[in-house]
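Enquirer: Next input, structure requested:
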Amino acid sequence: MNDPGLHESANEAAQDVEKNDHQEDDQAEHEEQEFLDPSRWWFASTACPLIAGTFGPMANAFSICALVETWRVYLPSASDEGHGERIEDPKWLIAVNSISLVLALTANMSLLLNMARRLSFAIAQPITILAWYLASALLIALVVFASTPAFRIQPMQEHALSQAYYYGIMAAALYFIVASLMVFTAFGAWRGHYSKDFQLTPSQRTLMLQTIGFMVYLLLGALVFSKVEGWQYLDAVFWADFTLLTVGIGGEFVPKTHTGRSLLFPYAIGGLIMVGLVIGSVRSLILEHGKQKMSARFVEVKRQKVLSSIDHNTRTIKLGPFEKIEFSQKGLSEVKRREQEFNVMRRVHELSERKRRYTALAISTVAALLLWLLGAVVFMHAERPQGLSYFAWLYFAYTSLLTIGYGDLVVLSNSGKAFFVFWSLLAVPTLTILISNMGDTIIRAFKNFTIWIGSFTVLPGEEGLASAVKTGMKRIQTGKILKEKYLDRKSASGASEKRSLDRVAEHIKEGELDEAKDDEENGDHLERDIHFYHFILVKEIRQMLSDINVSPPRQYTYSEWTYYLRLIGQDENDASGHRRPEDQFKHSEGNAPDIGTADNGGEINWSWLGIRSPLMGNTNEPEWLLQRLTARLETEMRNMISPNAKKRQKKPPISMTDVKKDKGVKSGKIDQLHSDAHTAEVRHRDHTS
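Expert: As a prediction, the model looks like this:
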């Protein structure tokens, strides 16, 4: 480590690593700030661009539908509006409609280029916002004019507005909404609440590309089948929509030619795959960001509420409407006081997570109910000539949302067909989110309940019937009967990287322990303890790598946390780095939550119930610890090559003497550490002989 010929290059390498660490720390600080402040600015910076990028292509598709056919139809005697004869539109209407479409495509392209970082934020956002607003304004003007008597033919009974007109209404509304969302995003960036570069993940960009691909696939397929089957193009769009979404309501629009039926085979399966990809992307985004942001908000609100409920007279703290526990920090040792805070914080997380799950379920349920109930209202008014009741259209909307598609009720009006396309596309993310939230609550509860029932009926476990009944009764008493057991399932993602790090860590671990043995033989106990500390760090990093991908995330006990915190220089027995929890302490911008030593050299005091608690981070517990353990190991390695003698000779938090005496080290680790030390000692003797 201290070879003279490597001293300069090692210092340069250390400086490079330190520079990269500062960049990573800045990124981590930004992520921590976002986690602890999941407010409207997160919605502006992430959700608004994502919604605009997803619904922008849909609005473009509706603009195309509004342009390809005329806006008026003539109704001969005994004919409905779905079978009317087209009337040519004025050329100026077609020109304005075309300009609106070009502006909208320009806005969408500008947004995508900005997200791909091919166009700067300062240039792209004005283009996007202005173009979408202009596109919306032009379509609104056309829609308003088309609604006046000047646009209609006489007599009124022989005139109707086509599907293209209603697609124009929906496109204008969508353009206005997405443009307004981007104004919100630009305003937040201008005020400095986040950077002017979109921080979108690959999965978010993938969702937008998949939406574009699906809309193109739907429109091109409709074009082909309109030619093959002799349908009007917008009728073919209606058919393609209920076919690709597997609603299958049928009616008069079913392939009747051999060519059409043959083309249906590849077209339907391709659409099914694309819909599945979109559903998967929506679900992953909900789990990836929506869950994280809601959890952060619920935990912070619950934490402040719990801390404000401390009653020093009765020495209690209120965790819920019917849950109050003893909480007194007087007369307790520092470790007992900290363990009490840890247990309260763990309970805060449990209660907040339960509330988040059921709140998300309630919101998604309300959204799905509104889609169903309001959709039925629109269909009832659009299909008034059919003379059906509201209940009949509730039945139609229900069978369509669940893709049952009996086909006994079908929309016939131009407005009904156009609205059905938009309504069914909107149902895809709505029902996906609902089913995802049901999976976290109702479905999980039913699964665990059936497993519990089976454990003492037809499928008793290894522990026997009596044990299963006893466990079940205990869960009923504690209200945790529906709580899922910890399953040690490891994800395959990142397996290759883990194996590589594991091999490197193995070499470092063996080398450091050999160095410790050499130093002990030479009588240099400080160097021995330093190398032994490095050995323990690498050993725990290797173990943490196996915990990192466990699902559900691994949670450590307080004794384990005490051990790991001591490894990174935080002694739970030392009150100098601790503080009392404060319910009104707010996270300040530019001051990312962390523990340890501040930039000015002072200690950062923290509490398990404070915002700097390791349980308040935006990562799970193994990830949080792995980041700190690896950072500590990097610091130790820099100190070894540092010209500063004080840094090189600094006493480590855990030494071999501590292990031998079991001095404040987690007892569960002692036997394994002794075994590893003995194994390395035998290997060292064999190598020497």
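
Enquirer: Only C-alpha atoms from now on, for both contacts and neighbour counts.
Expert: Fine.

Enquirer: what's downstream of the host helix or strand of residue 336, the next helix or strand?
Expert: Using DSSP states H and E, the element containing residue 336 is helix 334-382. Using DSSP H and E, the helix or strand that follows helix 334-382 in sequence is helix 390-401.

Enquirer: What lies in contact with that next one?
Expert: The contact list for helix 390-401 (Cα atoms under 8 Å, 6 or more residues apart in numbering) reads 247, 249, 372-373, 375-377, 379-380, 405-406, 409-410, 424, 427.

Enquirer: got the angle for it vs helix 334-382?
Expert: Relative orientation of helix 390-401 versus helix 334-382 (axes from the mean of the first three to the mean of the last three Cα atoms, to 10 degrees): 120 degrees.

Enquirer: got the buried residues for helix 390-401?
Expert: Buried positions in helix 390-401, judged by neighbour count with 16 or more other Cα atoms under 10 Å: 390, 393-394, 396-401.

Enquirer: so how far is stretch 128-142 from its chain's centroid?
Expert: Stretch 128-142 sits 32 Å away from the centroid of its parent chain (Cα atoms, centre = their mean, to the nearest Å).

Enquirer: who touches that stretch?
Expert: Contacting residues not belonging to stretch 128-142 are listed as 93, 96-97, 99-101, 103-104, 106-108, 110-111, 168-169, 171-173, 175-176, 178-180, 182-183 [Cα under 8 Å, 6+ apart].

Enquirer: for the helix holding residue 336, packing partners?
Expert: Helices and strands touching helix 334-382, by 3 or more Cα pairs under 8 Å, 6 or more residues apart in numbering; DSSP states H and E, are helix 291-307, helix 390-401, helix 414-440.

Enquirer: what about the strands in the stretch 101-250 of the chain?
Expert: Shown for the stretch 101-250 of the chain, the strands assigned by DSSP state E, counting those that start in this stretch span residues 159-161.

Enquirer: Looking at the helices and strands packed on helix 334-382, spot the one closest to residue 534.
Expert: helix 291-307 (34.1 Å; Cα to Cα).

Enquirer: how much does that closest one deviate in direction from helix 414-440?
Expert: Calculated by the same axes, to 10 degrees, helix 291-307 forms an angle of 60 degrees with helix 414-440.

Enquirer: The following helix or strand past helix 291-307 vs helix 291-307, what angle?
Expert: Later in the chain than helix 291-307, the nearest helix or strand by DSSP H and E is strand 316-320. In terms of direction (the same axes, to 10 degrees), strand 316-320 departs from helix 291-307 by 150 degrees.

Enquirer: just checking, what packs against strand 316-320?
Expert: Checking 3+ Cα pairs under 8 Å, 6+ apart, strand 316-320 ends up next to helix 291-307, strand 323-326.

Enquirer: Using the record's assignment, carve the protein into domains.
Expert: Listed by automatic domain parsing, the domain ranges of the chain are 38-200, 257-428, 447-478, 490-688.

Enquirer: could you redo the buried residues of helix 390-401 as CSV and give each row pLDDT and distance to residue 554?
Expert: Formatted as CSV, the buried residues of helix 390-401 follow (pLDDT from 0 to 100; distance: Cα to Cα, whole Å):
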residue, pLDDT, distance to residue 554
390, 96, 51
393, 97, 48
394, 96, 45
396, 96, 46
397, 96, 43
398, 96, 41
399, 95, 42
400, 95, 41
401, 94, 38
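
Enquirer: May I see the residues you listed arranged in TSV, with distance to residue 442 as well?
Expert: As requested, these are exported to TSV (distance: Cα to Cα, whole Å):
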residue	distance to residue 442
390	30
393	28
394	25
396	26
397	24
398	21
399	22
400	23
401	20
